[in-house]
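S.K.: return atomic coordinates for the entry below.
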Amino acid sequence: MVLLALLTVLTGGLYPLIVTGIARVLFPAEAAGSIVRRDGHAVGSSLIGQSFTDPGHFWSRPSATTPQPYNGSASTGSNLGPLNPALLDAVKARLAALHAADPGNAAPVPADLVTASASGLDPHISLAAAYYQAARVARARGLDVGRVRALIAAHGEGRLLGILGEPRVNVLELNLALDALK
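M.R.: You can find the predicted model right below:
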């Protein structure tokens, strides 16, 4: 019984406090949720995706979380296999929405614009997905498409350690930079 109480205090109290304290000293932004602030107000997190539906903003990767998209308390994938008709129906609906928003765009649609990530909370899209949306965003905002493409390039992130993952862009940060162009 004494050992149980001691381990409970150590692993349930002391250890988490120490780890949290170290994290707050070494990684203060990350330990606080990587909150992005503009004009003193929290506008989101650089680690959790957000839903954007306005044609003048870049759209995020679809989220499988429910009841609302990018619900941080419901991180989950859809668990729909490649042969599941529900996955095909969801992809078709997402393709239709992209084509309706930008009917003149004949470029192939990047997969990350029509498929949800494993967590359902992904804050990034591929550079290809951002460039796919550039003409629609430029048209909706009355901007030159070259300027929007340059903004994408300026906010692009490379592979982690030069080899892991794919080049990507954080949608929230890209949209905030787009809003600052005024």
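S.K.: need phi/psi at Arg38.
M.R.: Per-residue torsions, Arg38: phi -130, psi 130 (degrees, to the nearest 10).
S.K.: helix, strand, or coil at the spatially closest residue to it that is not a sequence neighbour?
M.R.: The shortest distance from Arg38 to any residue other than its chain neighbours is 6.4 Å, reached at Leu176 (C-beta to C-beta, 6 or more residues apart in numbering). Every C-beta, even on glycine, is put in place using the N, C-alpha and C of the backbone. In three-state terms, and counting by DSSP: H, G, I helix; E, B strand; the rest coil, Leu176 is helix.
S.K.: who does the helix or strand containing Leu7 touch, helix- and strand-wise?
M.R.: Per DSSP states H and E, Leu7 falls inside helix 2-9. Helices and strands touching helix 2-9, by 3 or more C-beta pairs under 8 Å, 6 or more residues apart in numbering; DSSP states H and E: there are none.
S.K.: so where's this structure uncertain?
M.R.: Judged by pLDDT under 70, the chain has its weakly predicted residues at 66-68, 72-73, 182.
S.K.: grab the longest helix from it for me.
M.R.: Criterion DSSP state H: the longest helix present in the chain is helix 85-101.
S.K.: buried set for it?
M.R.: Neighbour-count burial for helix 85-101 flags 87, 90-91, 94, 98 (criterion: 16 or more other C-beta atoms under 10 Å).
S.K.: re earlier: what's the next secondary structure element after the helix holding Leu7?
M.R.: As assigned by DSSP H and E, the chain's next helix or strand after helix 2-9 is helix 15-26.
S.K.: now do that next one: everything it contacts.
M.R.: Applying C-beta atoms under 8 Å, 6 or more residues apart in numbering, the external contacts of helix 15-26 come out as 30-32.
S.K.: most neighbours, which of these?
M.R.: Most neighbours among those, by other C-beta atoms under 10 Å: Ala31, with 15 neighbours.
S.K.: give me the number of residues near the closest residue to Gly56 other than its chain neighbours?
M.R.: Of all residues not flanking Gly56 in the chain, Ala140 sits nearest, at 3.8 Å (C-beta to C-beta, 6+ apart). Using other C-beta under 10 Å, Ala140 is surrounded by 14 other residues.
S.K.: residue contacts, Ala140?
M.R.: Shown in contact with Ala140 (C-beta under 8 Å, 6+ apart): 54-56.
S.K.: the residue nearest to Arg38 contacts Asp39, correct?
M.R.: No. Counting by C-beta atoms under 8 Å, Leu176 stays clear of Asp39, with 10.9 Å between them.
S.K.: which elements pack onto the longest helix of the chain?
M.R.: Against helix 85-101 (3+ C-beta pairs under 8 Å, 6+ apart) you get no helix or strand.
S.K.: now do it: everything it contacts.
M.R.: By C-beta under 8 Å, 6+ apart, the list of residues contacting helix 85-101 from outside reads 55, 62, 78, 80-81, 105, 109, 113-115, 136.
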